[in-house]
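S.K.: next one to model:
(chains A and B)
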2 protein chains.
Amino acid sequence: MDHAPDDTDVSSAVERLAGLVRRTPVVFPGPGAFGVAKELALKLECLQHAGSFKVRGSFNTALAAELPDSGLIAASGGNHGIAVAHVARSLGVGAEVFVPGVSSAVKVDRIRALGATVHVVGELYDDAQAACDERAAETHALNIHPYDAPLTVAGQATLGVELLQQVDVLDTVVVAVGGGGLAAGLAAALPSHVRMVCVEPETSRCLSAAIEAGHPIPVEVAGVAADSLGAKTIGAVPWQLLADRAESVVVSDEAISAARRRLWDDARVVAEHGGATALAAITSGMVELGPDERTAVVVCGSNTDPRDLVD
Amino acid sequence: MDHAPDDTDVSSAVERLAGLVRRTPVVFPGPGAFGVAKELALKLECLQHAGSFKVRGSFNTALAAELPDSGLIAASGGNHGIAVAHVARSLGVGAEVFVPGVSSAVKVDRIRALGATVHVVGELYDDAQAACDERAAETHALNIHPYDAPLTVAGQATLGVELLQQVDVLDTVVVAVGGGGLAAGLAAALPSHVRMVCVEPETSRCLSAAIEAGHPIPVEVAGVAADSLGAKTIGAVPWQLLADRAESVVVSDEAISAARRRLWDDARVVAEHGGATALAAITSGMVELGPDERTAVVVCGSNTDPRDLVD
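M.R.: The predicted model follows:
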């Protein structure tokens, strides 16, 4: 499979993942929550196994393959590594995970706790990916890309399939973008009339830059969400699905931190900074939503230290 | 209404609460979560407005009454006070809340943040209730009892109505008991064939003591969940519904703390100690569940400081 995933690929992913991933809930915190007058639906993918949507793409990739004796290998800002470690443990194989220095201690500890071998390499995600690819060529372990692979994107698309089953009407979905795997999965799963608002930190805006340039280009990466949204360049597979579909919005680190805090205060949901980034586009007023626009916000990850949620 | 609530009272509560309380989600973390082999359904009432089920009973009581100019008044270990403050603000009236010294700073701060006047009186919940009743006689504010009142219990019953709609089959429900309002509400809402396991801290066991004595009797109150489950005596109204129905289990403070930690680690759910007490009965092996026994666990509150969830 070397094309962007189509409906058949998404259906296959739904079948493969049955019983292995959680059907995460959609909640309606009520008008006024987060200081937003309109009703929002929150897809709480932060309650997923391994704390993020990443297990969807990882299970889909692993189950579509013949698993080599050398098991799984991956590079990751952290969440994908936790997911690959979870999948490897579930399937009874080993895993090696390459993370950059920017990865948080919470994430590295979780990968180790799941039994995977962790290598900390370089500063940012792309450094870890290069080291991972080199090692994979030696060991022939199954190298699961965090976002730029059709099977990964088809796995993430299962979140969109669930969401459609869980809400009566869906006009708009708001989703954070790192390398673009989740957003591309939603683009593959959701009917074309659904508006897709893709949100990035202004300090890590590879999709926004690609849209401006007309093609993927590398950007500098920094900020509070760099350990989950810190890809330098939008993935080539995601770009195929997002270029003509995604509306791009960028938000400040301050807006992300404030939205993360409001998620806890108003809805008792703990999200990591990347997981609060989609909501931040709404709470900071960076996206206009009509009063009757039925809007779902994906809260995509919770691999975070909750100690800074209270003063 | 001076009887234990019946089906009509529960139906009336469902109608009154429409649009005012959140339909909190039920999630299935999967076999193996929390070190428990069997599949459990978790009713995440910790995601409710004001962080606990208490808004259900408070809205039901307030909406069934003519609201006096002096507004609402209540005594509370904390959660009921937050709920009453939330309800008062929603209905545009004032509120006074009496809390004991054992109430956590997180709870007292939340009551104040919602605009209610807080009085800290005595050490335990019963001291605060006495002061509240005295003040209510002066002001004629609507005194909403946290558990020992038919309208309160009928409000909490709406959680049971939701739960029945959310799961295909329900054999057993596991719920924490303080004064018994929530458990009694479930007894009112759930068919008599549903097994009801009522869980208390061994340091605050008024239902267990009442069952042993054959009638409500006061107990000493202490321990990690005293600020939410710390009633000295089971309520008279709850006792009517629970005496012939409830199976009583007590758990240690250590089991409660461990279950609270596992809720975060395995399901990314933040609960207060009282909110993790029902799960603690299962994770500590204090209740036997058959392999095919479809079991729901109520996670009933999240008014907690999350800083101790990580090392």
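S.K.: quick one: residues contacting the residue of chain A found nearest chain B.
M.R.: Taking CB to the nearest CB, chain B has its nearest neighbour within chain A at A:Pro25, 3.3 Å off. The way it works is simple: take the backbone N, C-alpha and C, and place the C-beta from them, glycine included. Residues counted as contacts of A:Pro25 (CB atoms under 8 Å, 6 or more residues apart in numbering or on different chains) are A:44, A:47, A:166, B:25-27, B:44.
S.K.: repeat that for A:Gly180.
M.R.: So A:Gly180 contacts A:147-148, A:198, A:206-207, A:231, A:234-235, A:238-239, A:242 (CB under 8 Å, 6+ apart).
S.K.: lowest pLDDT pick from those?
M.R.: Among the contacts of A:Gly180, A:Ala231 carries the lowest pLDDT, at 92.
S.K.: could you find the closest non-adjacent residue to that one?
M.R.: A:Gly179 (3.6 Å; CB to CB, 6 or more residues apart in numbering or on different chains).
S.K.: gap between the one you found and B:Leu186?
M.R.: 46 Å (CB to CB, to the nearest Å).
S.K.: what do you get for A:Ala296?
M.R.: Using CB to CB, A:Ala296 is found at 31 Å from B:Leu186.
S.K.: I'd assumed A:Val14 was in contact with A:Leu63.
M.R.: No - counting by CB atoms under 8 Å, A:Leu63 stays clear of A:Val14, with 11.9 Å between them.
S.K.: could you pick out the residues of the stretch 101-250 of chain A near chain B for me?
M.R.: Residues of the stretch 101-250 of chain A lying close to chain B (CB under 8 Å from any CB of the partner chain) are A:Val106.
S.K.: what about the helices in the stretch 101-250 of chain A?
M.R.: Secondary structure of the stretch 101-250 of chain A, counting by DSSP state H, counting those that start in this stretch: helices at A:105-113, A:125-139, A:150-166, A:181-189, A:206-213, A:226-229, A:236-242.
S.K.: mind giving me a markdown table with those helices and columns for mean neighbour count and distance to A:Asp7?
M.R.: Output for the helices of the stretch 101-250 of chain A, formatted as a markdown table (neighbours: other CB atoms under 10 Å in any protein chain shown; distance: least, CB to CB, whole Å):
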| stretch | mean neighbour count | distance to A:Asp7 |
| --- | --- | --- |
| helix A:105-113 | 18 | 33 |
| helix A:125-139 | 18 | 29 |
| helix A:150-166 | 25 | 9 |
| helix A:181-189 | 30 | 8 |
| helix A:206-213 | 20 | 23 |
| helix A:226-229 | 29 | 28 |
| helix A:236-242 | 23 | 13 |
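S.K.: right, is stretch A:57-68 up against chain B?
M.R.: No - under the criterion of CB under 8 Å from any CB, chain B is not reached by stretch A:57-68; the shortest gap measures 12.7 Å.
S.K.: buried residues in that stretch?
M.R.: Neighbour counts over stretch A:57-68 (16 or more other CB atoms under 10 Å in any protein chain shown) mark A:57-64 as buried.
S.K.: which of these lies closest to A:Gly81?
M.R.: Closest approach to A:Gly81 among the buried residues of stretch A:57-68 (CB to CB): A:Ser58, at 9.7 Å.
S.K.: coming back round to it: check the spacing between the residue nearest to the residue of chain A closest to chain B when sequence neighbours are not counted and A:Leu186 real quick.
M.R.: Residue nearest to A:Pro25 in three dimensions, not counting chain neighbours: B:Pro25, with 3.3 Å by CB to CB, 6+ apart. Computed with CB to CB, the distance linking B:Pro25 and A:Leu186 is 20 Å.
S.K.: can you check A:Val21 too?
M.R.: As judged by CB to CB, A:Val21 and A:Leu186 stand 16 Å apart.
S.K.: residue contacts, A:Val21?
M.R.: By CB under 8 Å, 6+ apart, the contact list for A:Val21 reads A:48-49, A:55-56, A:59, A:158.
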